[in-house]
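Enquirer: Got a sequence here, can you build the structure:
(one chain, ligands or ions: 1)
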Amino acid sequence: MTSYLSIFQTNTMKIISKVLIFVFFGYSFTNVSAVNKGSFAKYKDAKQPTEVRVNDLLMKMTIEEKLGQLNMPALENNDEAMHSDLMKGKISAFCVVRPYPLSVKMRNELQTLAVEKSRLGIPVIFAFDVIHGYKTIFPTPLALSASWDTELAKNTAQIAACEASVSGIDLTFSPMVDVARDPRWGRISEGSGEDVLMNRRFGKAMVEGYQGADLTAKYSMGACVKHFVGYGAAMGGRDYQFTELSERALRETYLPPFQECVNAGAVSIMSAFNDISGLPAAANSFTLDQVLRKEWGFKGFVVSDWKAIDQLKAHGIAETDQQAANAALSAGNDMEMKTQCYNTLAKEVNGKRFSEKIIDEAVKRVLRIKFKLGLFENPYTIEGEESISQLSHENRALARKAARESMVLLKNSDLLPIKENSGRITLLGEWANNKDVIGWWTGNGDKKDVVTVFDGLSQNLPKGVEISFSAEPQTLNSKTVIVCVGESGNMFGENHCRSEITLPWGQTEQIKQLKESGHKVIVVIFNGRPLVLTEIEKYADAILLAWHPGTEAGNALADVLFGITNPSGHVTTTFPKKSGQIPLFYSDRTSGRPGYNSYLDVDAEPLYPFGFGLSYTSFSYSNMVLSKKLISKNESFNVSINVSNTGNVTGKEVVQLYMHQKVATITQTKKKLIDFQKIELKPGETQTVTFMVSPDELAILDKNLKSVIESGDFDIWIGKNSHDEAQHEIVTVK
Ligand code: BGC
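Expert: Got it, this is the predicted structure:
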């Protein structure tokens, strides 16, 4: 009885809904704005479940409107053709580009065309590269990772989201979680360095910071994680080059940071420019469909990188726009940035050469995120809030903190910190009074807001210290000099790769001359990438890496140089002795002839290993204890150590936990960072640091790429950097 009734009801429902669809479409084609205003448009009803809204909307869309939802042109002008496209529902999102100014007023006007003048009123997403700050610029991502402070990174992302969202930005093309092991590649500056765990942890923190707990909240924005996948492995460190990446390399090294961001709820992923062993990332069904969607369950949308769909022709896997569009969309790349190949698919669908179902799935993924961002309920941005929320005292304070926490002390022959009554010090070098310290991607930041080194030091001088700025090194009249050297903001970043990663423009020679003329030389380096500092190490009495620290550069530097803050940054990439050693990273695989993997003219050791960084105090490690030395598979254990501050000032230490499986069915990396903690200790204080090691950390991918735990012995080290092996224990898995 029940089943008859339900069949009857289902059939009746079908008939009714068919009649309704007929009535709706008949009506909508005679009166386009009626859909927009129609009270029966379920997709406009915020109380309906998202899936109901998405399906309701999709049902009403023409093929052109569907393809419109997969189109992200660049916002480079504001002309009638674009207005007309908005009104026809042919634009889903804008890639806002600098220097084209986007005012809130203009954003709302454009949004009005989409929301109020188009047939279905689907709001547009405004996306922008907010990479390390919007108006208040924080240290570059590589610099920030040197803080080893993920909470700090999250806070910077929160502020960036707040400043950007009041300016009308809904989505940022960040974080970049490309593991990068070739410092010649300019974009190494945009991620968290060479290590998988660092990119995982910082990626997650940034996603959480941008998106907050509720994406519809006023000060949050969506995160588009990039570049999926393998972009950091560009051959020879040259941008956009192909990559040769085995599935093992992808799964062990390049994919995990993305998975972490997906698990953290990132709403979007950007596919990469590069080819992955023969199949470009933008048309790669293995990474986009198999891994991202089927294995990880990613529910957001994938957008291509800039012109990357059109460039499938240059890659040589498509001859025409249709072929490029077909390859990318069928592989799982939902939205096309900048170019318009996807538009050619309308004809293909009508000619039954391309399945509309594939388009529908992609459109649904885009619409779900638009609902999730709350754009249908709140498509507009309130005007006039930028001035209150941007570059505020609090935001600048956070930028100052982030900059000083990122700085890394590489050498110190008792010259730093500069104490009271140190007398006259001369400041010189290209970066002594230079505002070019905010990196490559600078959001909507303005160099005019930057505190230079000279201003920062002058405004924060200790008693009895005088700073004079000299553009002419010949006229020096002090024993101690601070030489500010580095790379300009356009010597790294996208398509800014270098074959030699030494200091440019004779800056090394300048440091040498200063030393040889009898000065005490403090070198401060403003760099975007790891550099070869072998010569500098010889001549400098102290070396401080400042990176491109952002808007508060000078003040943060004063904090560190004058000892208000004790430096605690540790590098997250290896610093080689010579460019010819590249790629050089701590976690390479074991080889059959250990100790022979070197060169005739240089060994295979770095100048500064991954994880290295000094302090104004010293730390000692003792009493490493494992809670269990013999464990079964799937059993966790604790490892603890006592860390003591053996110096005279309070300082922060990054305690790093590494692991290596001695014998396994697959060769393993010599060392793998599995956890870290940043702690603060007063002089004389000792703290016991405890790590819990879960079975996940011991798992490897076997020969079938299945995650397994193999029994055997595991080396466990706790150290100050990846080369510190003094504290070592072995745990055995039965
Ligand atoms: C870059 C992306 C960036 C995009 C939009 C591309 O050239 O590779 O990282 O998000 O442009 O600006």
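Enquirer: Can you pull the residues of the stretch 351-500 of the chain lying near the ligand?
Expert: Counting by CB under 6 Å from any ligand atom, the residues of the stretch 351-500 of the chain close to the ligand are Glu494. Where C-beta positions appear, they are placed from N, C-alpha and C, glycine not excepted.
Enquirer: Could I get the full set of strands for the stretch 351-500 of the chain?
Expert: In the stretch 351-500 of the chain, the strands defined using DSSP state E, counting those that start in this stretch lie at 408-412, 423-428, 465-469, 480-486.
Enquirer: and the last one, how far out from the chain's middle?
Expert: Chain-centre distance of strand 480-486: 30 Å, with CA atoms, centre = their mean, to the nearest Å.
Enquirer: ok, now stretch 367-376?
Expert: The answer for stretch 367-376 is 23 Å, by CA atoms, centre = their mean.
Enquirer: Let me see the mean pLDDT of it.
Expert: Stretch 367-376 carries an average pLDDT of 98.
Enquirer: Ends of that stretch, what's the gap?
Expert: For stretch 367-376, the first-to-last residue distance is 10 Å (CA to CA, to the nearest Å).
Enquirer: Show me which residues of that stretch are buried.
Expert: For stretch 367-376, the neighbour count (16 or more other CB atoms under 10 Å) marks 367-376 as buried.
Enquirer: thought Lys44 was touching Pro379?
Expert: No: distance between Lys44 and Pro379: 11.7 Å, which falls outside the contact criterion (CB atoms under 8 Å).
Enquirer: how much space between Ser615 and Ser147?
Expert: 14 Å (CB to CB, to the nearest Å).
Enquirer: in terms of contact, does Leu461 touch Phe454 like I think?
Expert: No: counting by CB under 8 Å, Leu461 does not reach Phe454; the two are 11.4 Å apart.
Enquirer: so what sits against both of the two?
Expert: Here Leu461 and Phe454 have Ile467 as joint contacts, going by CB atoms under 8 Å, 6 or more residues apart in numbering.
Enquirer: which SSE is Thr665 in?
Expert: Using DSSP states H and E, Thr665 sits in no helix or strand.
Enquirer: How about the one 10 residues further on?
Expert: When elements are defined using DSSP H and E, Asp675 is found to belong to strand 672-681.
Enquirer: ditto for Asn642
Expert: With secondary structure defined by DSSP H and E, Asn642 is part of strand 637-645.
Enquirer: What separation do you get for the closest residue to Pro567 other than its chain neighbours and the ligand?
Expert: Residue nearest to Pro567 in three dimensions, not counting chain neighbours: Leu409, with 4.2 Å by CB to CB, 6 or more residues apart in numbering. Leu409 sits 31 Å away from the ligand, taking CB to the nearest ligand atom, to the nearest Å as the criterion.
Enquirer: returning to what we had before: ok, the buried residues of stretch 367-376 vs the ligand, which is closest?
Expert: Nearest to the ligand, judged by CB to the nearest ligand atom, of the buried residues of stretch 367-376 is Ile369 at 16.9 Å.
Enquirer: Verify the contact between Ser707 and Glu697 for me.
Expert: No: counting by CB under 8 Å, Glu697 is not a contact partner of Ser707; they are 11.6 Å apart.
Enquirer: more neighbours, the two?
Expert: Neighbour count, other CB atoms under 10 Å: between Ser707 and Glu697, Glu697 has more, with 17 against 10.
Enquirer: Domain map for the protein?
Expert: Listed by automatic domain parsing, the domain ranges of the chain are 399-581, 619-733.
Enquirer: Tell me which residues touch Ser246, please.
Expert: Ser246 sits in contact with Ser277, where contact means CB under 8 Å, 6+ apart.
Enquirer: Roughly how far does it sit from Glu348?
Expert: Per CB to CB, Ser246 is found 34 Å from Glu348.
Enquirer: One more: Gln390?
Expert: For Gln390, the distance to Glu348 equals 46 Å [CB to CB].
Enquirer: mind checking pLDDT for the nearest residue to Lys88 once chain neighbours are set aside?
Expert: Once flanking residues are discounted, Lys88 sits nearest to Ser118: 6.7 Å by CB to CB, 6+ apart. With respect to pLDDT, Ser118 scores 98.
Enquirer: tell me the contacts of Ser118?
Expert: Contacts of Ser118 (CB under 8 Å, 6+ apart): 36, 86-89.
Enquirer: helix, strand or coil for it?
Expert: With DSSP: H, G, I helix; E, B strand; the rest coil as the basis, Ser118 sits in coil.
Enquirer: Number of residues surrounding the closest residue to the ligand within the stretch 1-150 of the chain?
Expert: Closest contact between the stretch 1-150 of the chain and the ligand, by CB to the nearest ligand atom, is at Asp129 (4.8 Å). Counted with other CB under 10 Å, the neighbours of Asp129 add up to 23.
Enquirer: quick one: contacts for the nearest residue to Tyr240 once chain neighbours are set aside?
Expert: Distance criterion CB to CB, 6+ apart; nearest residue to Tyr240, sequence neighbours excluded, is Phe273 at 5.1 Å. By CB under 8 Å, 6+ apart, the residues touching Phe273 are 227, 231, 240, 280-282, 305, 308, 311.
Enquirer: Please repeat the previous calculation with a cut-off of 10 Å.
Expert: Contact analysis of Phe273 by CB atoms under 10 Å, 6 or more residues apart in numbering lists 227, 231, 234, 239-242, 280-282, 304-308, 311, 315, 494.
Enquirer: ditto for Thr574
Expert: 181, 183, 193-195, 530, 581-587, 605-612, 722-723.
Enquirer: remind me which residues of the chain are low pLDDT?
Expert: Confidence mapping of the chain against pLDDT under 70 gives the ranges 1-40, 471-475.
Enquirer: what does it have sitting close to the ligand?
Expert: When proximity is defined by CB under 6 Å from any ligand atom, the chain lies next to the ligand at 95, 129, 173, 226, 305-306, 494.
Enquirer: The closest residue to the ligand within the stretch 251-400 of the chain: neighbour count?
Expert: Nearest residue of the stretch 251-400 of the chain to the ligand, counting by CB to the nearest ligand atom: Trp306, 3.8 Å away. By the criterion of other CB under 10 Å, Trp306 has 19 neighbours.
Enquirer: can you confirm it is in a helix?
Expert: No: with three-state DSSP as the criterion, Trp306 is assigned coil and is not in a helix.
Enquirer: residues touching it, list them.
Expert: 72, 74, 95, 97, 173, 270, 273, 337-339, 494.
Enquirer: how about 7 Å then?
Expert: Counting by CB atoms under 7 Å, 6 or more residues apart in numbering, Trp306 touches 337-338.
Enquirer: quick one, which of Gln390 and Glu348 is more surrounded?
Expert: Neighbours were counted for Gln390 and for Glu348 using other CB under 10 Å; Gln390 has more, 20 against 17.
Enquirer: Spatially nearest residue to that one (excluding sequence neighbours)?
Expert: Distances taken as CB to CB, 6+ apart place Lys135 nearest to Gln390, at 4.0 Å, with adjacent residues excluded.
Enquirer: That neighbour contacts Ser389, correct?
Expert: No: using CB atoms under 7 Å, Lys135 makes no contact with Ser389, being 8.6 Å away.
Enquirer: in stretch 418-430, what's buried?
Expert: Quick answer for stretch 418-430 (16+ other CB under 10 Å): 418, 422, 425-430.
Enquirer: quick one: the residue nearest to Pro567 and Arg589, what's the gap?
Expert: Leu409 sits at a distance of 31 Å from Arg589 (criterion: CB to CB).
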